[in-house]
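Enquirer: show me the folded form of this:
(chains A, B and C)
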Amino acid sequence: MSPPLLEVEGLTKHFPVTIALFPRRKTGWVKAVDGVDFTVDPGETLGVIGESGCGKTTTSKLILLQETPTGGAIRFDGKDIAALAGSELMRYRREVQVVFQDPYSSLSPRMRVGEIIAEPLQIHTALSRAEQQERVAEVLDLVGLRPEVAPLFPHEFSGGQRQRIAIARALVTNTRLIVLDEPVSALDVSIRAQIMNQLEELQFRLGVSYIFIGHDLATVAHISHRIAVMYLGEIVEMADAIELCAKPLHPYTQALFTAALPAHPDDKREKLAISGEVPSALSPPSGCRFHPRCPKAMPRCSVEPPTRREVAPGHIVACHLY
Amino acid sequence: MPPLLQVTSLETHYVSFGGARVVKAVDDVSFTVNEGETLGIVGESGCGKTTTCLSIVGLLPPGARIVGGQIEFAGKDLAQLRQSEMRRIRGAQIAMILQDPMASLNPLFSIYTQVAEPAYYHQSIRGRLLRQRVRQLLDAVRIPSPTQRMREYPHQMSGGMRQRIVGAIALAGGPRLIIADEPTTNLDVTIQAQYLDLLKELQQETGVAVIFVTHNLGIVARMCVKLAVMYAGKIVEAGAVRDLFNSPQHPYTKGLLGSMPKLGSKEPLFAIPGHPPDLASLPSGCAFHPRCAEAMARCSVEEPREVRVGGEWRARCWRAEPQYGQSLKDVDVAATVGS
Amino acid sequence: MVSLSPQTSTAAGAIGRRPIDWLGQFRGLPLLPLLILVPFVLVAAFADYIAPYDPTEPVAGMKIFTPPAWMQGGDIRVLLGTDFQGRDIVSRLIFGARVSLIVGVTGTVVAGSIGTLLGVLAGYLGGWVDQVVMRVTDAWLALPALVFAIFLATMLGPSMWNIVIILGAVYWTRYARVIRGEVLSLREREFVKLAEIAGASRARVIRRHIIPNVLNTAMVLASLTIGVVIIAEASLSFLGVGVPPPQPAWGSMLAEGRSTLLVGMWWLTILPGFCIMLVVLATQLLGDWLRIRLDPQLRNL
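Expert: Coordinates of the predicted model:
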């Protein structure tokens, strides 16, 4: 079995909050990410699902080195990325890329599409202009666009096409891991399926890994091999996608499934068992963070935070029920 | 019983450059909403669903005009009314819930003021009765400790709560019809579920009719009994939700249904090729034909007319005509005739 | 394979006839400003060939203070009259156009370049660079522009190119402020973040992503401040610290004619004043057109 491509261990990020009112001063910590562990293998897709405040965006920023962790480690190919410098850092940047949600602001408006895609090549390689153009044509073809579109500007493309350009850019330097942050949420429904299919095909052909962050369970479950469910900065459940859909164990995961919209009017759906909103990350509840909203909470849950245990092969849950 | 809202052959155009450029945002749109019914209008960006709603409530932006058709509501043709008359209907008889709760609420006024306003103007309630009414409404939308919350301001509430308050404002005037335009797009999944549950309860309690405008077929599956699918300004298929989900007649409807990922299934998604057209430069014939898997030669030349599939079920497609051999599977025609 | 059918951009390209909007657009071009500016530019460029006489020498055989040709005492050979030294007003206006336009444009370019560069560096690099640049800007702005310009002019000595430098040095601050604001919001845009994540150096991000996207704003600002610079130059020349005589400049023509205005010799001041007004008006309208033209595109992004 090949070693994991990306290993995240005990990842923690706390943001300090200082409110300096004239005489008084209040400080606190927003525990955006609190002890997160997961791995991503080569050629696989890890789906990350959670609602606002769960820490998925902060986690992706940590992986992309846009924030530095307060604790824990992220290892790529076995090496701690916080310790990378110089050419090794450049190599990481070459092999790990990102695609954002909004296709309208991810492309530089005054640059031609060919230049946008070629930019990582210019930064990381010494390819000649002609070689760059060749590679650009290659990736344009890979994402289903004609190479002739390279001289055009982003505003001449539709949302779906722009997202393809963003994906092409993310692939141009033989990337090994792409972080996709809600890549299809801003697209029309009929385009979403196109992009999802394209992403799957690219993974099949190139062996690139994905971290697919989303809020729609059905979409994430469709493309991911494994799914991590996040709540208030922690991973509450992680399992193989099909296993998770068949047997969600954590009450929060179960709530997500209940809350998911049906695919057919006759789909039976139980009433949602949880109520209320996600509490603030400034002062998360004691013990298990989910206990105030949990329909199956026991007295123990408000006191003791649950530990993550593997209750079935590959299926990890953090809940006192197990 | 006469229908609550009957839209017939509605046409709304956006006119610019002194009449030289006309965009047919809504082109020959007809549908009916009965008392207490829920209708879903589904389509992607640019299909005309929002313009249709704005036409109904008379809130079209400058440059847009209703150029044809009727909007019959409670015995009046809304398309012909002046703004002063529309103001009496908006809020009192027809209310709207929009996508972004932060934009719908005025940050300067308290919750009380905003929820009370429709009741104040349309039902002329004052004083203690008004406060009671506001408390009642906040209760109905499940806002805890309403008396306290009344005095607070929008920025002190979460997104889900704000959207509930928007719902309370919509109900305050006692409307017979609520138009909800993408009401849950900005909400978290579990909050969305709670909100939709709430809307369903309110709808059953008060008997208000609801039009859901959305791009999400899942919402329609959950909340609506009738469905109209729009594309490039026209309704391409309309009928009972069950019928359209079981046996879609229009290739676009089929495509939309096929492109929805099903929970727990890894089956490849059906992707409609191409992208929604620019309304200013529509293809000839059927607007969908460049993307249609079942297109025939006729489709690029002639615009299809509406075919009655059964009862109130209709589809605007050459393929739906009997001679092209579309077989209807599992259609409960008797049930559709009754709606 | 998805075939490409790019969405038609709806900016230009109207179908059918459009009425001529005199203050606005005609076939996408700003009609009025160009009608004014193009002749001035051509005249200034070909001044040597167009001007009937040498602007610095009195016209042979003409009296001083000759009124324009259509007035009594006027002469068709000096169409708009002569000044207090008997020099042809038309020729002086033509060569004065050259001065005003050159100083106006180059002064604006200098001011714009300095201001834009400082604004970009302050906005993107932040930290102490931002603090330093902003404090300097604040201090500079506290000085009254024209007084400062006069001070510099007396220090450097009068000459056309000195004036260009001085005006550039005085008027860069408005660019720095505005551009910095643009850059602050641009910096958070996703395509900039993407470049940073891809490993681009800061210089690269500035060069390829920041600067091209602030050029629009810089251009609009520039077209709106050309007017200010032209008037500043005119003011300096009027006060005697601008372009030195005998080189003609509209501002100094105003100064020269000032004393005789009340005696009825209006053509010495009204004509150059009118020219200043026309050119500044045209650049302002052009700036407005540019702003409307370029802004919607920016807003779509």
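Enquirer: how about the residues of the stretch 201-322 of chain A by chain B?
Expert: Residues of the stretch 201-322 of chain A found near chain B (CB under 8 Å from any CB of the partner chain) are A:215-219, A:221-222, A:241-242, A:245-246, A:255-267, A:269, A:271-272, A:274-275, A:277-278. In this view, the C-beta of every residue, glycine as well, is placed from N, C-alpha and C.
Enquirer: assumed A:Val48 was part of a strand.
Expert: Yes. Checked against DSSP: H, G, I helix; E, B strand; the rest coil, A:Val48 lies within a strand.
Enquirer: tell me who's in contact with it.
Expert: Contact analysis of A:Val48 by CB atoms under 8 Å, 6 or more residues apart in numbering or on different chains lists A:56, A:59, A:211-214, A:220, A:227-228, A:230.
Enquirer: now A:His291, nearest residue through space, not along the chain?
Expert: Closest residue to A:His291 apart from its sequence neighbours, by CB to CB, 6 or more residues apart in numbering or on different chains: A:Cys301 at 4.0 Å.
Enquirer: tell me the contacts of that neighbour?
Expert: A:287-288, A:291, A:294, A:320.
Enquirer: hmm, 6 Å instead?
Expert: For A:Cys301, the contact set (CB atoms under 6 Å, 6 or more residues apart in numbering or on different chains) comprises A:287-288, A:291, A:320.
Enquirer: A:Arg289 versus that one, what's the distance?
Expert: 10 Å (CB to CB, to the nearest Å).
Enquirer: and A:Pro3, by the same measure?
Expert: Counting by CB to CB - A:Pro3 and A:Arg289 are separated by 32 Å.
Enquirer: quick check: A:Val229 is in a strand.
Expert: Yes. Assessed by three-state DSSP, A:Val229 belongs to a strand.
Enquirer: neighbour-wise, which of the contacts of A:Val48 leads?
Expert: Ranked by neighbour count (other CB atoms under 10 Å in any protein chain shown), the contacts of A:Val48 have A:Thr59 at the top, with 29 neighbours.
Enquirer: is it true that C:Cys175 touches C:Gly115?
Expert: No Cys there; residue C:175 is Tyr. Yes. The pair C:Tyr175 and C:Gly115 qualifies as a contact (CB atoms under 6 Å) at a distance of 2.5 Å.
Enquirer: helices of the stretch 101-250 of chain C, start to end?
Expert: Ranges of helices in the stretch 101-250 of chain C, per DSSP state H, counting those that start in this stretch, are C:127-142, C:145-156, C:160-171, C:173-187, C:190-197, C:202-205, C:211-238, C:250-261.
Enquirer: now the angle from the third one to helix C:145-156?
Expert: In this structure, helix C:160-171 runs at an angle of 140 degrees to helix C:145-156, with axes from the mean of the first three to the mean of the last three CA atoms, to 10 degrees as the basis.
Enquirer: just the CA trace of helix C:160-171, in CSV.
Expert: Provided in CSV are the C-alpha atoms of helix C:160-171 (Å, rounded to 0.1, in the frame of the first residue of the first chain):
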residue,chain,number,x,y,z
MET,C,160,8.7,74.2,-19.4
TRP,C,161,10.2,70.9,-18.3
ASN,C,162,10.8,72.1,-14.8
ILE,C,163,7.1,72.9,-14.6
VAL,C,164,6.2,69.3,-15.7
ILE,C,165,8.3,67.9,-12.9
ILE,C,166,6.9,70.3,-10.4
LEU,C,167,3.3,69.5,-11.3
GLY,C,168,4.1,65.8,-11.3
ALA,C,169,5.5,66.2,-7.8
VAL,C,170,2.6,68.2,-6.5
TYR,C,171,-0.3,66.1,-7.9
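Enquirer: who touches that helix?
Expert: Applying CB under 6 Å, 6+ apart, the contact partners of helix C:160-171 are C:103, C:106-107, C:110-111, C:145, C:148-149, C:152-153, C:156, C:229, C:232, C:242-243.
Enquirer: let's see that with 7 Å instead.
Expert: C:99, C:103, C:106-107, C:110-111, C:114, C:145, C:148-149, C:152-153, C:156, C:225, C:228-229, C:232-233, C:236, C:242-243 (CB atoms under 7 Å, 6 or more residues apart in numbering or on different chains).
Enquirer: cool, the fourth one as well?
Expert: Outside of helix C:173-187, the residues within contact range by CB under 7 Å, 6+ apart are C:111-112, C:115-116, C:118-120, C:122-124, C:133, C:137, C:140-141, C:192, C:210, C:213-214, C:217-218, C:221, C:225.
Enquirer: again, only using 8 Å
Expert: So helix C:173-187 is in contact with C:111-112, C:114-116, C:118-120, C:122-124, C:130, C:133-134, C:137, C:140-141, C:192, C:209-210, C:213-214, C:217-218, C:221, C:225, going by CB under 8 Å, 6+ apart.
Enquirer: so the residue of the stretch 201-301 of chain C found nearest chain A versus chain B, what's the distance?
Expert: Here the stretch 201-301 of chain C gets closest to chain A at one residue, C:Pro212, 3.9 Å apart by CB to the nearest CB. Distance of C:Pro212 to chain B, given as CB to the nearest CB, to the nearest Å: 27 Å.
Enquirer: poorly predicted segments of the chain, please.
Expert: Let's take chain A. Along chain A, segments meeting pLDDT under 70 span A:1, A:19-26.
Enquirer: the chain in question should be chain C.
Expert: Chain C contains residues with pLDDT under 70 at C:1-28, C:295-301.
Enquirer: using PDB, list the CA coordinates for the helix or strand B:Arg164 falls within.
Expert: With secondary structure defined by DSSP states H and E, B:Arg164 is part of helix B:159-172. Only the C-alpha atoms of helix B:159-172 are listed here, as PDB (Å, rounded to 0.1, in the frame of the first residue of the first chain):
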ATOM      1  CA  GLY B 159     -28.900  34.000   9.200                       C
ATOM      2  CA  GLY B 160     -31.500  31.300   9.900                       C
ATOM      3  CA  MET B 161     -33.300  33.500  12.400                       C
ATOM      4  CA  ARG B 162     -33.300  36.400  10.000                       C
ATOM      5  CA  GLN B 163     -34.900  34.400   7.400                       C
ATOM      6  CA  ARG B 164     -37.600  33.300   9.800                       C
ATOM      7  CA  ILE B 165     -38.300  37.000  10.600                       C
ATOM      8  CA  VAL B 166     -38.600  37.600   6.900                       C
ATOM      9  CA  GLY B 167     -41.200  34.900   6.900                       C
ATOM     10  CA  ALA B 168     -43.000  36.600   9.800                       C
ATOM     11  CA  ILE B 169     -43.000  39.800   7.900                       C
ATOM     12  CA  ALA B 170     -44.400  38.000   4.900                       C
ATOM     13  CA  LEU B 171     -47.200  36.600   7.000                       C
ATOM     14  CA  ALA B 172     -48.000  39.700   9.000                       C
END
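Enquirer: quick one, strands of the chain?
Expert: Just going to use chain A. Residue ranges of the strands in chain A, as given by DSSP state E, are A:6-20, A:25-40, A:45-49, A:71-76, A:79-80, A:96-99, A:177-181, A:209-214, A:226-231, A:234-240, A:308-312, A:315-318.
Enquirer: actually it's chain B I care about, not the one you picked
Expert: B:5-16, B:21-33, B:38-42, B:64-73, B:76-77, B:94-97, B:177-181, B:209-214, B:226-231, B:234-240, B:306-310, B:313-316.
Enquirer: and the ones you listed as TSV, adding mean pLDDT and mean neighbour count?
Expert: Compiled in TSV, those are given as follows (pLDDT from 0 to 100; neighbours: other CB atoms under 10 Å in any protein chain shown):
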stretch	mean pLDDT	mean neighbour count
strand B:5-16	92	19
strand B:21-33	91	21
strand B:38-42	96	25
strand B:64-73	92	18
strand B:76-77	90	14
strand B:94-97	92	24
strand B:177-181	94	23
strand B:209-214	95	24
strand B:226-231	96	26
strand B:234-240	95	26
strand B:306-310	88	18
strand B:313-316	93	24
